[in-house]
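Asker: Okay, sequence plus prediction incoming.
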Protein chains: 2
Amino acid sequence: MNTTVTLEAIREARARIATHIHRTPVLTCASLDRMAGAQLFFKCENLQKTGSFKIRGATNAVLSLDEAEATRGVVTHSSGNHAAALARAASQRGIPSWIVMPSNAPKAKVRAVEGYGGQVTFCEPTIASRESTAAQIIERIGAVMIHPYNNDRIIAGQGTAALELLEEVPGLDVVMAPVSGGGLLSGTAIASKAMRPQARVIGAEPKNADDAYRSLQSGKLEPLAQAHTMADGLRAGLCERTLGILRERVDEIVVVTEEEIVAAMRHVWERMKIIVEPSSAVAFAAVLKSPAAAGKHVGILLSGGNVDLEQLPFAAATGEPRSKLVARAHGAACDRGES
Amino acid sequence: MNTTVTLEAIREARARIATHIHRTPVLTCASLDRMAGAQLFFKCENLQKTGSFKIRGATNAVLSLDEAEATRGVVTHSSGNHAAALARAASQRGIPSWIVMPSNAPKAKVRAVEGYGGQVTFCEPTIASRESTAAQIIERIGAVMIHPYNNDRIIAGQGTAALELLEEVPGLDVVMAPVSGGGLLSGTAIASKAMRPQARVIGAEPKNADDAYRSLQSGKLEPLAQAHTMADGLRAGLCERTLGILRERVDEIVVVTEEEIVAAMRHVWERMKIIVEPSSAVAFAAVLKSPAAAGKHVGILLSGGNVDLEQLPFAAATGEPRSKLVARAHGAACDRGES
């Protein structure tokens, strides 16, 4: 499947959503530049409304509905940033939203969705249960499904972050974004290759959830059996739509270990003084190990900043071995629904 | 003692330091606005080079030295943000710096100073030892003392943050900054009252280190016997120079409790996704309790973001009572030199 998403669609999305979101700052940091041996430009979607770039796509999708669709409301299944983003986008338009969340979703995320006016329906923590619960709501209420990435309006919305980045820093040699379902990376690649064809577009992915890496190698959708990564925003797999876009426009996927994610996250917190979630740290971790970034002007999409302050992956200074630290961080992120 | 610091001096300082520092972003946050019942504009000096506004004054002071003075190098005593700032400012001019630090200073801060090329001399952790050790260096080497706040060039430099804030948001009704020795609040008050005379200038201070509050009440320097506050950047007391400036230009000092500091810090981390140190949270805590801020356009100087990620004042979700949380946070901040 190819896409109808073009730079023009991304520009239209930007015009549509501009008054509803932050134009996030592009920050630089001399000490991280030295660490990477490159000149880095961080597009700070962690400072975006709802704490992640997801509000861009969700707002574009909701505002693109015609009146008849809009009055039916919207539905999605998500335990993460897309859930809160869709609830807020719907609330801004004054239409209802139904959010299917697994019964073990972190309470903070449930509260965030409810705070934005979303109506939460709990389901079993399996993909099958999520999909059937959402299907029931669609059948019963007629609400419009807004998939977190298998949706051209979502992809166009996510592309507005790279559009803003390239307008502000036109001379980038490399653009780096994390990849999960591929919505952000698709939008980023479409915007980047249209605005700056010579820029290399690189996806960053946890080694423990590397379906995009494998799918781009083989040329077909490779299954994501398990996703034991602390990067809780990167546990989904590509779909045909996003794979098609990435195959045409992404030059490389760089995979990083859990240890590299923690180290990169800590560098960003300590040096830039901003809160990024592990999924964002994945992109910076990839820069640190990628030969393609060395000596270059590199744009990095920091995707979000939603973390649980009581479950941070930074060990106290107890001489705890590194491997244990990572195991704990991993457990904290994967299992925090149970805590 | 009155001051020679004028808006013109602050403008000159800005021109002098502009290429050496970040023009930090002014961020807004709808949920903190709702919490405060006001429209808030955060000047993010936590995102400044060296992690605090101190680099503004230090750079202005160092660049203002004539050649003969500069070749002698600079000296200060500080265990905090001014130490790193002065070391970096000196290094940028290519002159030596001697930083007197107490023997129990956090290792991270010592490393930061050394990383910027500062030559660290340890002393006993008392004010008397700090001053005599610095005096010996001045006598032996002839280095120029750069006091962290009892210095007009420092005050003019610190005032550049408010200058930038008011240029970007001219219609502020209230400008809020934390106060310790009074360098930042002095510069802020001079810039604000010159650029926007109708704006109310408010200082924010920990109740546990409230010498500025008491000094502005009595009209004379009140001693700061103890400073048991987690806001480690706010443990110094005013001097005659800063008291004179504040008496003429500051409308009010608002004091906040340790509990209020932790709560405000947590709100900023969770909602704005930026790392602020407790001293910065003091200013936001004051906004939350100040009737003068209600319904107004309020500028807030977020002074810095240097925290120890292994000693954060956020309790794990253990049902630990609030008072214990604060006690631990307090201990962590006050005692971390020993850890």
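Answerer: Cool, the structure landed. Numbering: from 1, shown residues only, chains lettered A, B, ... in the order given.

Asker: Near the closest residue to chain B within the stretch 51-200 of chain A, how many other residues are there?
Answerer: Going by C-beta to the nearest C-beta, chain B is nearest to residue A:51 of the stretch 51-200 of chain A, at 5.9 Å. The C-beta positions use only the backbone N, C-alpha and C, and glycine is treated the same way. Neighbours of residue A:51 under the rule other C-beta atoms under 10 Å in any protein chain shown: 25.

Asker: Now do the same contact list for it.
Answerer: By C-beta atoms under 8 Å, 6 or more residues apart in numbering or on different chains, the contact set of residue A:51 is A:81, A:84, A:304, A:305, A:306, B:273.

Asker: just curious, which of the residues you listed is nearest to residue B:75?
Answerer: Closest approach between those and residue B:75, by C-beta to C-beta: residue B:273, at 37.9 Å.

Asker: Which pLDDT value does the model give the closest one?
Answerer: Note on residue B:273: pLDDT of 96.

Asker: got it, and residue A:322?
Answerer: 37.

Asker: just the one 5 residues further on next, same as before
Answerer: Confidence at residue A:327, expressed as pLDDT, is 37.

Asker: same thing with residue A:46?
Answerer: pLDDT, residue A:46: 97.

Asker: ok, it touching residue A:301?
Answerer: No. Using C-beta atoms under 8 Å, residue A:46 is not in contact with residue A:301; the gap is 10.0 Å.

Asker: Enumerate the residues of chain A near chain B.
Answerer: Residues of chain A that fall close to chain B, judged by C-beta under 8 Å from any C-beta of the partner chain: A:22, A:25, A:27-28, A:30, A:46-47, A:49, A:51, A:266, A:269-270, A:272-276, A:305-306, A:309-312, A:314-317, A:339.

Asker: count of neighbours near residue A:225?
Answerer: Residue A:225 - counted by other C-beta under 10 Å - has 8 other residues nearby.

Asker: Can you pull the phi/psi pair for it?
Answerer: Main-chain dihedrals, residue A:225, degrees, to the nearest 10: phi -70, psi -50.

Asker: Could you do residue A:180 as well?
Answerer: With angles defined as degrees, to the nearest 10, residue A:180 shows backbone torsions of phi -130, psi -90.

Asker: With residue A:290 instead?
Answerer: phi -90, psi 120.

Asker: how far away is it from chain B?
Answerer: Per C-beta to the nearest C-beta, to the nearest Å, residue A:290 is found 25 Å from chain B.

Asker: do residue A:35 as well
Answerer: 12 Å.

Asker: Buried residues, stretch A:83-92. List them.
Answerer: Buried positions in stretch A:83-92, judged by neighbour count with 16 or more other C-beta atoms under 10 Å in any protein chain shown: A:83, A:84, A:85, A:86, A:87, A:88, A:89, A:90, A:91, A:92.

Asker: which residues of the stretch 1-150 of chain A fall in helices?
Answerer: Ranges of helices within the stretch 1-150 of chain A are A:7-17, A:30-36, A:54-64, A:67-72, A:81-93, A:107-115, A:127-141, based on DSSP state H, counting those that start in this stretch.

Asker: what's the neighbour count on residue A:52?
Answerer: 28.

Asker: Am I right that it is in contact with residue A:85?
Answerer: Yes. Residue A:52 lies in contact with residue A:85 (C-beta under 8 Å); the separation is 6.8 Å.

Asker: Can you pull out the low-pLDDT segments for chain A?
Answerer: Confidence mapping of chain A against pLDDT under 70 gives the ranges A:1-3, A:315-339.

Asker: Remind me what the host helix or strand of residue A:284 packs against, helices and strands.
Answerer: Counting by DSSP states H and E, the element that carries residue A:284 is helix A:278-289. Other elements packing on helix A:278-289 under the criterion 3 or more C-beta pairs under 8 Å, 6 or more residues apart in numbering or on different chains; DSSP states H and E are helix A:30-36, strand A:174-178, strand A:200-206, strand A:252-256, helix A:258-267, strand A:297-302.

Asker: mind saving the C-alpha coords of that helix as PDB?
Answerer: Coordinates of each C-alpha in helix A:278-289 appear next as PDB, following Å, rounded to 0.1, in the frame of the first residue of the first chain:
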ATOM      1  CA  PRO A 278      12.800   6.400  27.200                       C
ATOM      2  CA  SER A 279      11.400   6.400  23.700                       C
ATOM      3  CA  SER A 280      12.900   9.800  23.000                       C
ATOM      4  CA  ALA A 281      16.200   8.700  24.400                       C
ATOM      5  CA  VAL A 282      16.300   6.000  21.800                       C
ATOM      6  CA  ALA A 283      16.800   8.600  19.000                       C
ATOM      7  CA  PHE A 284      19.700  10.200  20.900                       C
ATOM      8  CA  ALA A 285      21.200   6.800  21.700                       C
ATOM      9  CA  ALA A 286      21.200   6.000  18.000                       C
ATOM     10  CA  VAL A 287      23.000   9.300  17.100                       C
ATOM     11  CA  LEU A 288      25.700   8.400  19.600                       C
ATOM     12  CA  LYS A 289      26.500   5.100  17.800                       C
END
